[in-house]
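Enquirer: How does the following fold in three dimensions:
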Amino acid sequence: MSATMIKEFRLPDLGEGLTESEILSWKVAVGDTVTLNQVIAEVETAKAVVELPSPFAGVIRELHEQPGSVVAVGNPIVSFEVPDDAALPPAAAAKGPANGAAATEGAAGTVTAVPEEGATEDAVAASAARGQSAVDAVPATPKREPNLVGYGAVVESSGRPARRPRIFAPAGSSAADPAPVTPRQAGPAAAKPVESTVERPRSTPPVRKLARDLQVDLAQVAGTGPQGLITREDVQAFVHGAPGETGTPAEHRAAEQQSGEQPGKQPVVQGAGEREFRTPIKGVRKYTAAAMVESAFTAPHVTEFLTVDVTPTMELLGRLKASREYGALRLTPLTLAAKAVLIALRRNPSLNSRWDGAAQEIVTYNYVNLGIAAATPRGLTVPNIKDADRLSLAGLAEALAALTDTARAGRTAPGELSGGTLSITNIGVFGIDAGTPILNPGEAAILALGAVRTAPWEYRGEVALRQVITLSLSFDHRLVDGEQGSRFLADVGAILAEPGMALTMV
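Expert: Model (predicted):
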């Protein structure tokens, strides 16, 4: 009977240079049989929520991380048990392992091993008694062959690190008095019994952060999650019951529900005298903060404003919506403004460039990847439409609709969040007229669209109620002179004030 092989899947780099991701949820459990490319987990990077496909077909052997854990790129997140003939290369599978031992390498820095001929039956039996497979009983020398980006650093030692036994508090007992642990015997070679050790209570990083903020010792908290995992609700229930109260976290929660409170709904349970709420800086917020600081302190920003009568554009928008060709499309003022920006860029290419400090060059793009700032439940993201300058008005409308729907659903791919050349932010949807937008790092300009308002306006020598908008343009003064920025803004305003002016600019 041939032994199976254990494959470890290490977290790959899911974007351009991202160093970590948070496990949001597992779509599989230990013991599940999965197929190649089946979605096994949902993770959140600093840019997007990404579904991880399985790199192997086999059985889930171990989930190394819990939901809520922030994992560094290159760290193992899941182990698969795969048949040796499926795990080995075709030539090796046909031959079988030479001399009874083999160590092979798979995707994302995985290490596999089969028992050597020299391994005794006693050693194999001892490992089986501990709940380990024969594969775990024999150390293997790992070899790295990077097949996925971000598979991690080269392993310095062979085999897997020993894991300390976890201690779970039985029902009705206190976590402070753990049950005794029977030392594991490694086989005939074990000369001394191993003293039982108590590992730190099982919890996720956000829960540990919450416990630190509330000054709660997790060793005093009994976990009610899977396999004794301490949850946020356990910490909150402990705070409600401390000091001097007795009862399990479940009893505390039952009492809270009877009193009308909703445990777990509040982000943090505040104790007496607490007046602050702390949120971990991670994910999109962490990435956005770093990008904005880099941009604000690297690129000298200049912001200009222009208020325009856009009544003709709004009338055009109404006619397009009523037409047969465009009636089914999701047309908005943003669609027409984006088209005006793309036309104006042809006459003002300096706004579609970037500063390459290392090469001491200005890179001017002959294409436009138009970024659209999107406020999502996860925070601000700026996905971009690739080669937007090549799209017709109908194609641009479809791309904007797809981009918006994907961003709101939190399904924007990392590739759609990188490579932008110029951005638009529509602050008008919040009822704001103007602002000073900060550049997306690596871009030369960003245009903010204010709210379209009905206001008194001079029109043909008289005062009339017209629809007006304020445009706010920020640009990198290293790349764009004041004249160039002003001409670009004036061109965009001219098109929105009279759409027919676009014919003179193409």
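Enquirer: who touches A388 in this structure?
Expert: The contact partners of A388, taken as C-beta atoms under 8 Å, 6 or more residues apart in numbering, are 338, 342, 368-370, 396, 399. (Glycine included, C-beta is placed from N, CA and C.)
Enquirer: cool, L331 as well?
Expert: Applying C-beta under 8 Å, 6+ apart to L331 gives the contacts 317, 320-321, 397.
Enquirer: which one's the longest strand in this protein?
Expert: strand 462-476 (DSSP state E).
Enquirer: Identify the neighbouring strands of that strand in the sheet and state each direction.
Expert: strand 301-309 (antiparallel), strand 445-449 (antiparallel), strand 453-459 (antiparallel) (DSSP bridges).
Enquirer: about what we covered before: sort out which one of the contacts of A388 lies nearest A290 for me.
Expert: N369 (20.9 Å; C-beta to C-beta).
Enquirer: and the closest one, how many neighbours?
Expert: 21 (other C-beta atoms under 10 Å).
Enquirer: Hmm, it is touching T421, no?
Expert: Yes: the criterion here is C-beta atoms under 8 Å, and N369 meets it with T421 at 4.8 Å.
Enquirer: Touching both of those two, which residues are there?
Expert: Common neighbours of N369 and T421 (C-beta under 8 Å, 6+ apart) are N384.
Enquirer: Assign the residue lying closest to S25 once chain neighbours are set aside to helix, strand or coil.
Expert: Distances taken as C-beta to C-beta, 6 or more residues apart in numbering put E42 closest to S25, at 4.9 Å, once the chain neighbours are dropped. The assignment at E42 comes out as strand when based on DSSP: H, G, I helix; E, B strand; the rest coil.
Enquirer: For this structure, give me the ranges with low pLDDT.
Expert: Residue ranges of the chain with pLDDT under 70: 1-2, 15-18, 46-47, 85-201, 205, 209, 240-273.
Enquirer: what about the helices in it?
Expert: 84-87, 90-95, 121-129, 134-137, 205-213, 232-241, 249-258, 283-296, 311-322, 333-347, 393-408, 482-497 (DSSP state H).
Enquirer: would CSV of these with distance to E462 be doable?
Expert: Formatted as CSV, these follow (distance: least, C-beta to C-beta, whole Å):
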stretch, distance to E462
helix 84-87, 81
helix 90-95, 83
helix 121-129, 92
helix 134-137, 87
helix 205-213, 62
helix 232-241, 63
helix 249-258, 66
helix 283-296, 44
helix 311-322, 14
helix 333-347, 25
helix 393-408, 33
helix 482-497, 17
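Enquirer: closest one to G225 among these?
Expert: Of the helices of the chain, nearest to G225 by C-beta to C-beta is helix 232-241, at 7.4 Å.
Enquirer: Identify each buried residue in the closest one, please.
Expert: 232-241 (16 or more other C-beta atoms under 10 Å).
Enquirer: before we move on, what about stretch 210-217?
Expert: 210-211, 214, 216.
Enquirer: P55 contacts F9, correct?
Expert: Yes: the criterion here is C-beta under 8 Å, and P55 meets it with F9 at 5.7 Å.
Enquirer: In terms of packing, which of these two has more residues around it?
Expert: Between P55 and F9, counted using other C-beta under 10 Å, F9 has the larger neighbour count: 24 against 20.
Enquirer: who does the more buried one bridge with?
Expert: Bridge pairing for F9 - DSSP bridges - gives V78.
Enquirer: Relative to S472, how far out is it?
Expert: F9 sits 46 Å away from S472, taking C-beta to C-beta, to the nearest Å as the criterion.
Enquirer: same thing with V71?
Expert: The gap separating V71 from S472 is 40 Å, by C-beta to C-beta.
Enquirer: Which one of those two is surrounded by more residues?
Expert: S472 (22 against 18).
Enquirer: How about the more buried one: what's its closest non-neighbour residue?
Expert: S472's closest residue in space is A448 (C-beta to C-beta, 6+ apart), at 4.0 Å.
Enquirer: so that neighbour makes contact with P437?
Expert: Yes: using C-beta under 8 Å, A448 is in contact with P437, at 4.6 Å.
Enquirer: any residues in contact with both of these two?
Expert: Common neighbours of A448 and P437 (C-beta under 8 Å, 6+ apart) are 425, 427, 472, 474.
Enquirer: which one of the strands paired with strand 462-476 is the most hemmed in?
Expert: Neighbour counts (mean count of other C-beta atoms under 10 Å) averaged over each of these peak at strand 445-449, with a mean of 26.
Enquirer: For that one, which outside residues touch it?
Expert: Contacts of strand 445-449 (C-beta under 8 Å, 6+ apart): 333-334, 337, 341, 351-352, 371, 373, 422-428, 434-435, 437-440, 469, 471-476, 480, 485, 488-489, 492.
Enquirer: Ok, stretch 391-405 next?
Expert: With C-beta under 8 Å, 6+ apart as the test, stretch 391-405 has contacts from 325-326, 329-332, 334-336, 338-339, 342, 372, 374, 383, 385, 388, 412, 416.
Enquirer: Can you give me the neighbour number for the nearest residue to A344 once chain neighbours are set aside?
Expert: In this structure, A344 finds its nearest non-sequential neighbour in D491, 3.8 Å apart by C-beta to C-beta, 6+ apart. Using other C-beta under 10 Å, D491 is surrounded by 22 other residues.
Enquirer: Compute the distance between D491 and R347, please.
Expert: From D491 to R347 the distance is 6 Å (C-beta to C-beta).
Enquirer: list residues touching both of those two?
Expert: Residues touching both D491 and R347 by C-beta under 8 Å, 6+ apart: M505.
Enquirer: number of nearby residues for A222?
Expert: 22.
Enquirer: okay but it is in contact with D234, surely?
Expert: Yes: proximity of A222 to D234 meets the contact threshold set by C-beta under 8 Å, at 7.0 Å.
Enquirer: Are any of the contacts of L331 buried, and if so which?
Expert: 317, 320, 397.
Enquirer: show me what contacts T313?
Expert: 333, 336, 496-497, 499.
Enquirer: now do 10 Å
Expert: Neighbouring residues of T313 by C-beta atoms under 10 Å, 6 or more residues apart in numbering: 333, 336-337, 340, 452, 467, 469, 495-499.
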